[in-house]
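In: any chance you can model this:
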Amino acid sequence: MEKDNIYDLAVIGGGISSCVFVSNYLKKGFDGRIAIIENGRNLGGRSSTRISFANKGWKLNHGSPNFNIFNTSHNKLINTFIKELLDLNIIQIDPSEIIELCKDNIHNSEISSVFHRGANYISTTSMSELSQNIITCNNFKNQIDYFFQTLILKLDYEKNQWTLTSKNGIKFKTKFLICASSLLLHKRSLDILNINQIPLRKAIPINKDKKIDKIINLLYEQDYIHRLTFLIYTKSNYSYKDNYKNKYRYFILNNLLQEEYKFERIIFQKQKNNKLGIVLHTKNNEFIKEYFKSINKVRFKEKLIDKFNELFANEKYINKLMEYQDISTMSWRASQPYGSGIPESLQVCEDHNIAFCGDWFDFEGFGRIEGAILSGLKLSNKINSLY
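Out: Here you go, the predicted model:
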């Protein structure tokens with residue numbers, strides 16, 4: 001075992017929740033070595049920005065373009081954290097226009113989407129850099145090693161130490177393990193990772209830890225929304241009908257229109273060269289299956305543009321899209337948990353030096369960035385008081 005692969009703390013998953021946890025834990029004085037292990041190319045998880053190799057100069061937020069905070073319970077922990085990010089100029093209030101589309105071009109005055117109610121914020125850079133900026137503000141001693149495109153397939157626990165094994169055979173040893181992704185705990189890991197037993201279950205057999213038994217059983221009932229996102233790269237001659245100037249513009253379809261068009265949200269994103277990128281989110285399972293079964297993907301995308309133009313026909317803001325530079329896709333196998341959240345009491349399993357965070361816990365903001373942030377903040381407080 002290489003010395004460099006031994007850590008005081010290892011974190012599986014590089015999304016918002018893990019980055020908030022790590023940053024806040026460092027702020028509290030943790031001075032050990034940390035490994036953040038992420039299967040993707042960058043931090044951020046679903047808060048991602050596509051930098052296209054095929055389409056130079058484009059940056060499209062294709063996961064969460066912004067995030068919102070309800071905080072109906074007036075939780076001081078998250079209020080303080082958001083204020084700190086604002087003061088550090090890591091985020092800013094999102095000034096973008098949010099329009100909910102209904103039948104006959106009628107717009108709702110009150111937004112019903114859970115993604116946009118309350119206070120809306122955007123990263124001052126890009127959403128893919130938000131997680132990195134959150135960590136950087138407290139990583140003064142450079143205590144963190146990052147491992148990207150590293151998929152953990154196996155967990156082992158022996159003599160009070162965790163051993164993590166990646167798909168490529170890389171091993172990590174750690175005194176304490178944080179799972180910010182639920183994949184290694186959830187039944188979906190069997191199909192996604194092509195394995196025959198849930199990794200956490202294999203590491204900790206049944207009846208060895210009541211908390212781990214409970215969390216695995218509860219996660220069995222929790223499922224995830226599959227989304228397919230289309231990224232439309234327009235040509236320089238495409239613009240709004242009006243003179244809208246902000247970087248983002250959000251159009252949300254109400255339930256009836258979602259059922260008719262199979263779209264959930266359409267987000268316009270102005271680029272540095274003033275071209276308009278369009279990110280179209282869909283979560284309709286039949287629509288997604290139709291896309292992956294279609295032999296002629298070009299024809300499918302043409303029909304997609306036809307639906308787009310039909311939706312915005314006679315709309316006072318949006319011009320008809322006659323031609324485009326390119327359309328790419330992003331398939332989110334697990335973009336948002338649904339069902340019941342995991343109780344906070346199961347967040348730390350002291351007997352086996354493992355803890356969990358993510359938007360899949362039963363905090364305010366379940367299934368959204370708010371819940372992910374709150375889980376990371378709460379976990380850093382708990383771990384700090386225990387270890």
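In: tell me the SS of A334?
Out: Classification of A334 using DSSP: H, G, I helix; E, B strand; the rest coil returns strand.
In: count of residues packed around it?
Out: Neighbouring residues of A334 were enumerated by other C-beta atoms under 10 Å; the total is 18. No exception for glycine: its C-beta is placed from N, CA and C like everyone else's.
In: ditto for E370
Out: Per other C-beta under 10 Å, the neighbour tally for E370 reads 25.
In: okay, and L374 sits in which element?
Out: Assigning secondary structure by DSSP states H and E places L374 in helix 369-386.
In: contacts for that helix, please.
Out: Helix 369-386 is contacted by residues 15-21, 24-25, 28-30, 47, 64, 67-71, 75, 77-78, 81, 176, 178, 180, 341, 344, 347-348, 350, 355-359, 361, 363-365 when judged by C-beta atoms under 8 Å, 6 or more residues apart in numbering.
In: cool, and stretch 155-173?
Out: Contacts to stretch 155-173, defined as C-beta under 8 Å, 6+ apart, come from residues 1, 5-7, 10, 12, 35, 37, 147, 150-154, 174-177, 184, 199-200, 202-204, 352-354.
In: recalculate using a threshold of 7 Å.
Out: Contacting residues not belonging to stretch 155-173 are listed as 1, 5-7, 10, 35, 37, 150-154, 174-175, 177, 184, 199-200, 203-204, 352-353 [C-beta atoms under 7 Å, 6 or more residues apart in numbering].
In: residue boundaries of the strands in the stretch 251-387 of the chain?
Out: When secondary structure is read from DSSP state E, counting those that start in this stretch, the stretch 251-387 of the chain shows strands at 265-270, 276-282, 324-338, 348-349, 354-356.
In: now, of those strands, which is deepest in the fold?
Out: Mean neighbour count, computed with mean count of other C-beta atoms under 10 Å, is highest for strand 354-356 among those, reaching a mean of 25.
In: distance between that strand and the chain's centre?
Out: Strand 354-356 has its C-alpha centroid displaced from the chain centroid by 19 Å (C-alpha atoms, centre = their mean, to the nearest Å).
In: go on, stretch 62-70?
Out: On the basis of C-alpha atoms, centre = their mean, stretch 62-70 sits 9 Å off its chain's mean C-alpha point.
In: residues of the helix holding L374 that come out buried?
Out: Within helix 369-386, the residues that qualify as buried are 369-380, 382-383, counting by 16 or more other C-beta atoms under 10 Å.
In: one more: stretch 250-268?
Out: Buried residues in stretch 250-268, defined by neighbour count with 16+ other C-beta under 10 Å: 250-254, 257-258, 261-268.
In: what's the answer for stretch 28-35, then?
Out: 30, 33-35.
In: please save the CA atoms from that stretch in PDB.
Out: What follows is stretch 28-35, C-alpha atoms only, in PDB (Å, rounded to 0.1, in the frame of the first residue of the first chain):
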ATOM      1  CA  LYS A  28     -13.600  23.800  12.700                       C
ATOM      2  CA  GLY A  29      -9.900  22.900  12.900                       C
ATOM      3  CA  PHE A  30      -9.500  19.400  11.400                       C
ATOM      4  CA  ASP A  31      -5.800  19.000  10.500                       C
ATOM      5  CA  GLY A  32      -5.700  15.500   9.000                       C
ATOM      6  CA  ARG A  33      -5.400  14.400   5.400                       C
ATOM      7  CA  ILE A  34      -8.500  14.100   3.300                       C
ATOM      8  CA  ALA A  35      -9.300  12.200   0.100                       C
END
